[in-house]
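Got a predicted structure here, sequence first:
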Amino acid sequence: MNKKNDKDSLFCSFCGKSQKEVKKLIAGPTVFVCDECVELCMDIIKEDSKNNKIKAKQNIPKPKEINSILNDYVIGQEKAKKTLSVAVYNHYKRLSNNTFSDVEISKSTRAPSVAAVIIASGAG
């Protein structure tokens with residue numbers, strides 16, 4: 001290779017491969033990134049995202065734990081606390097999975113999406 005070609009050729013700022021060695025070279029303000037480095041970065045981000053989802057799933061309190069917290073604040077109302085505990089648990093699970101199927105969406109449009117706990121006046 002002569003020196004003129006070396007100067008005119010563009011290189012990936014991460015791996016150092018020339019424009020001729022890769023499929024695509026993406027230009028930034030002061031750097032270039034090849035398609036291979038972009039793909040590697042995407043794989044790293046996906047892996048990190050999977051690890052975060054696993055951690056999020058492990059941190060979701062079980063309905064029993066939610067119910068015991070409610071027991072500290074609400075006297076009686078066992079059926080309402082149980083229903084609310086399961087609803088909150090399912091809500092957290094849906095959020096951590098970040099998946100909403102058509103069935104879930106259609107269910108949520110038929111039923112109210114807000115849980116209301118109604119008690120007799122003067123009871124709280």
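Arrived safely.

Low-confidence ranges, this protein, go.
Flagging of the chain using pLDDT under 70 yields the residue ranges 1-8, 51-58, 98-124.

Tell me where it has strands.
Here the chain has its strands, by DSSP state E, at 25-27, 32-34.

ok, the first one: who's next to it in the sheet?
Taking DSSP bridges as the criterion, strand 25-27 sits next to strand 32-34 (antiparallel) in its sheet.

And the contacts of the strand it pairs with?
By Cβ atoms under 8 Å, 6 or more residues apart in numbering, the residues outside strand 32-34 that reach it are 10-15, 17, 19, 21-26. Where you see a C-beta, it was placed from the backbone N, CA and C, and this is true even at glycine.

Please identify the most buried of the strands of the chain.
The highest average neighbour count among the strands of the chain, using mean count of other Cβ atoms under 10 Å, belongs to strand 32-34 at a mean of 20.

returning to that earlier point: what's the most distant pair in the contacts of strand 32-34?
Between any two of the contacts of strand 32-34, the greatest separation by Cβ to Cβ is 16.6 Å, found for S13 and K23.

dump the residue contacts of I26.
32-35, 38.

Look up how far F11 lies from the nearest residue to Y92 once chain neighbours are set aside.
Distance criterion Cβ to Cβ, 6 or more residues apart in numbering; nearest residue to Y92, sequence neighbours excluded, is I60 at 4.7 Å. To F11, I60 is 47 Å away according to Cβ to Cβ, to the nearest Å.

what do you get for V88?
53 Å.

picking up where we left off before, tell me which of S13 and K23 has more neighbours.
More crowded of S13 and K23, by other Cβ atoms under 10 Å: S13, with 14 against 7.

got the contact list for the more buried one?
28, 31-33.

Could you do E21 as well?
C34.

Break this structure into its domains for me.
3-56, 61-110 (automatic domain parsing).

on that earlier part again, switch the contacts of I26 over to a markdown table; also include distance to S49.
Shown next, in a markdown table, are the contacts of I26 (distance: Cβ to Cβ, whole Å):
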| residue | distance to S49 |
| --- | --- |
| F32 | 26 |
| V33 | 20 |
| C34 | 23 |
| D35 | 21 |
| V38 | 16 |
